[in-house]
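**Q** Sharing a sequence plus its predicted fold:
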Number of protein chains: 2
Amino acid sequence: MHILIIGAAGMVGRKLVARLLAEGEVGGRAITAMTLADVVVPPRPENPPFPIVATASDISTPHEAERLIAPRPDLIFHLAAIVSGEAEADFDKGYRINLDGTRLLFEAIRAQASYRPRVVFTSSIAVFGAPFPEEARDGATVDLPIPDSFHLTPLTSYGTQKAICELLLADYSRRGIFDGIGIRLPTICVRPGLPNKAASGFFSGIIREPLAGKPAVLPVPDSVRHWHASPRAAVGFLMHGATIDLEAVGPRRNLTMPGLSVTVAEQIEALRRVAGDAVAARIERVPDETIMRIVAGWARSFDASRATALGFRAETSFEEIIRVHIEDELGGTFVG
Amino acid sequence: MHILIIGAAGMVGRKLVARLLAEGEVGGRAITAMTLADVVVPPRPENPPFPIVATASDISTPHEAERLIAPRPDLIFHLAAIVSGEAEADFDKGYRINLDGTRLLFEAIRAQASYRPRVVFTSSIAVFGAPFPEEARDGATVDLPIPDSFHLTPLTSYGTQKAICELLLADYSRRGIFDGIGIRLPTICVRPGLPNKAASGFFSGIIREPLAGKPAVLPVPDSVRHWHASPRAAVGFLMHGATIDLEAVGPRRNLTMPGLSVTVAEQIEALRRVAGDAVAARIERVPDETIMRIVAGWARSFDASRATALGFRAETSFEEIIRVHIEDELGGTFVG
């Protein structure tokens, strides 16, 4: 089978390519070719066992999606997106890439006769915005997990664009234009690489940096709760989405992935258990009102019953998330 | 104030124009001009008390939205849409008019400096598709009213297009490009005019035709339940949407309107009470499997708490809906 990955140069894209190369097949069908596309030329694996084309591509450019699907790939992973902060800062760019680019891809597929590929699309929990379900319990207000039936309430243009693409994906799938599935990723933790300016960056930073012997800044209180899955789990979601029986999924094609709801305090306690007090002591508390305010609007916990029943699996403890990072990124060791 | 109505030639549009002419003001501000647009030139009221331009316009045509908003209307009612059946039969036309046309309108507003009109957009309960909430009670399965927090699950391209426009309206409003509100209309009953081929047509037909002394066909069992509001209530929703305090509405700008959940049996019983046995006897039962199957996927009842709390009002009995029809369409009389 021929696989097209749009957004192959990103963190999840690169890990997905590595996983596909390691497996050599998807759902029992041997991979015979791959096209890797991104706004910059994605890294091309050395000595691949099948032909791989790596190409720079902006799918919002006319005829670019047609070019990418000309070899009629059987399986398309569409991971490409302008991230939340940039889509908020640049209205036109966010709508052009995240909405128009996706629609042009879907339309390019529709224009091909007798062609019905599987399309695995990465959506985001940013399709949900506060307020979330809660209930009074013992005089306090307690968050309830957000159910699969909760309405789409994005509070960013990025979340709006992802929600719109989810609706398009469901309608194009319902009409038999392609077989689509939308994967709402949790926040990916531990995100490898350098610290970045994303408001969510500290969730990974407070684990990644101390394990590398470096200090990390925590800008929010220890009580802040968030929804996490590892990069390895994210790739697992995409692989499962590539082969899952879509009859069993039915017309509601966009699924909140399972994840782990933990507080920052629980993250730090897990780090202490896995790596020791000295590592955990590298976290410095520097409150940042702006980040606190942004994070307060984010979802903290989901009831991902549908995806779990359909076989999607995430980590079940934060220690496990940390160990995945140590294994996959640090060669099994850390700076104690 | 200058008011633009896009979709002014439709049933709701014409009634809205009549109401605006009768009131002469909106929220205490005198109406000084009106632009009425539709794919066909809308009827232009005779001897209007202020200038009215009636114009044929397809907002999916380049620069057409710019032309309509060039006079910088303070209030825009966007009612224009390709209806459900046609949007399902013609994929391109549905997306072009219902999605691209709406987006071009929103973009034309964004392109104007220092311009922030109120935009009242008619959405639909077609943004929701089965299965709906239900619970087991005394060994039977009972429908629960669909809550305001229920996810968007359209099962038609029309419903998908309306849901996408809702998301765009909320995002453009959040960014301060305009002040939008989306009004999810119930099925309008009693719809005046000739019987049509719409699958929902019988809900109005079984009231309208007998009151006019004509036979009517009922293609579904008497137990079928549906969600109704009168044309007068629909115009009331739009008028309230034009003046409601949007701070009180908050970022969730699309509201399920209140309505009346009744069975066909309750509709017929109300007709009997209002107009007598002889009128109700003009309904003939001719089961139609196709219509039964289509109607089975439709929402039957909503909990429209938010809209009700925000002051939107519908009829509270089906007798009232019938009396509105007799008053507004039949000059107060019917064929007994």
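**A** Thanks, I have it. It should be emphasised that the depicted structure is a prediction, and the values quoted were computed from it without experimental measurement.
**Q** Regarding A:Gln261, what is its secondary structure?
**A** Slight slip there: residue A:261 is Ser, not Gln. Following DSSP: H, G, I helix; E, B strand; the rest coil, A:Ser261 is assigned to strand.
**Q** nearest spatial neighbour of it, skipping sequence neighbours?
**A** A:Ser301 (3.8 Å; CB to CB, 6 or more residues apart in numbering or on different chains). For glycine as for every other residue, the C-beta is placed from the backbone atoms N, C-alpha and C.
**Q** Flag every residue of the stretch 101-250 of chain A that's near chain B.
**A** Residues of the stretch 101-250 of chain A lying near chain B by CB under 8 Å from any CB of the partner chain: A:129, A:133, A:148-155, A:157, A:160, A:163-164, A:167-168, A:170-171, A:174-175.
**Q** thinking again about what came up before, tell me who's in contact with the residue nearest to A:Ser261.
**A** A:Asp143, A:Leu144, A:Pro145, A:Ile146, A:Arg225, A:Trp227, A:Ser261 (CB atoms under 8 Å, 6 or more residues apart in numbering or on different chains).
**Q** On the pLDDT front, check the closest residue to A:Leu105 other than its chain neighbours for me.
**A** Counting by CB to CB, 6+ apart, A:Leu105 lies nearest to A:Ala65, which is 4.4 Å off, once chain neighbours are set aside. Per-residue pLDDT puts A:Ala65 at 98.
**Q** What count of nearby residues applies to A:Ala65?
**A** 26 (other CB atoms under 10 Å in any protein chain shown).
**Q** unless I'm mixing things up, it is touching A:Ile76, no?
**A** No: applying CB atoms under 8 Å as the test, A:Ala65 and A:Ile76 come out as separate, 10.1 Å apart.
**Q** Give me the common contacts of these two.
**A** Joint contacts of A:Ala65 and A:Ile76 (CB under 8 Å, 6+ apart) are A:Leu105.
**Q** how many other residues sit next to A:Pro133?
**A** 14.
**Q** That one and A:Thr153 touch, don't they?
**A** No: between A:Pro133 and A:Thr153 there is no contact under CB under 8 Å: 11.4 Å.
**Q** rewinding a little: so of the contacts of A:Ser301, which two are at opposite extremes in space?
**A** For these, the maximum inter-member distance is 13.5 Å, found between A:Leu144 and A:Trp227 (CB to CB).
**Q** out of the two, which sits in the busier spot?
**A** Neighbour tally, A:Leu144 and A:Trp227, criterion other CB under 10 Å: the higher count belongs to A:Trp227, 26 against 14.
**Q** The more buried one is in contact with A:Asp303, isn't it?
**A** No: using CB under 8 Å as the test, A:Trp227 is too far from A:Asp303 to be in contact (11.2 Å).
**Q** Show the model's pLDDT score for A:Ala296.
**A** 88.
**Q** number of nearby residues for it?
**A** 11.
**Q** The closest residue to it other than its chain neighbours: neighbour count?
**A** Nearest residue to A:Ala296 in three dimensions, chain neighbours excluded: A:Ala130, at 7.3 Å (CB to CB, 6+ apart). By the criterion of other CB under 10 Å, A:Ala130 has 12 neighbours.
**Q** try the one 4 residues further on
**A** Number of residues near A:Glu134 (other CB under 10 Å) recorded here: 12.
**Q** How about A:Val324?
**A** 18.
**Q** So it is in contact with A:Ser317, correct?
**A** No: between A:Val324 and A:Ser317 there is no contact under CB under 8 Å: 10.8 Å.
**Q** Residue of the stretch 1-150 of chain A nearest chain B, please.
**A** Closest residue of the stretch 1-150 of chain A to chain B, CB to the nearest CB: A:Ser149 (5.2 Å).
**Q** Pass me the low-pLDDT residue ranges in chain A, would you?
**A** Within chain A, no stretch has pLDDT under 70.
**Q** now do 90
**A** Applying pLDDT under 90 to chain A picks out residues A:83-85, A:139-143, A:193-199, A:294-298.
**Q** The longest helix anywhere in it versus helix B:157-174: what angle between them?
**A** Longest helix in chain A by number of residues, with DSSP state H as the criterion: helix A:157-174. Going by axes from the mean of the first three to the mean of the last three CA atoms, to 10 degrees, helix A:157-174 is angled at 180 degrees with respect to helix B:157-174.
**Q** moving C-terminal of helix A:157-174, what's the next helix or strand?
**A** Beyond helix A:157-174 in the direction of the C-terminus, DSSP states H and E gives the next helix or strand as strand A:179-185.
**Q** if we can go back for a sec, please tell me which one of the contacts of A:Ser301 counts the most neighbours.
**A** For those, neighbours tallied by other CB under 10 Å; top is A:Trp227, 26 neighbours.
**Q** tell me the contacts of A:Ala198?
**A** Per CB under 8 Å, 6+ apart, neighbours of A:Ala198: A:Val83, A:Ser84, A:Gly85.
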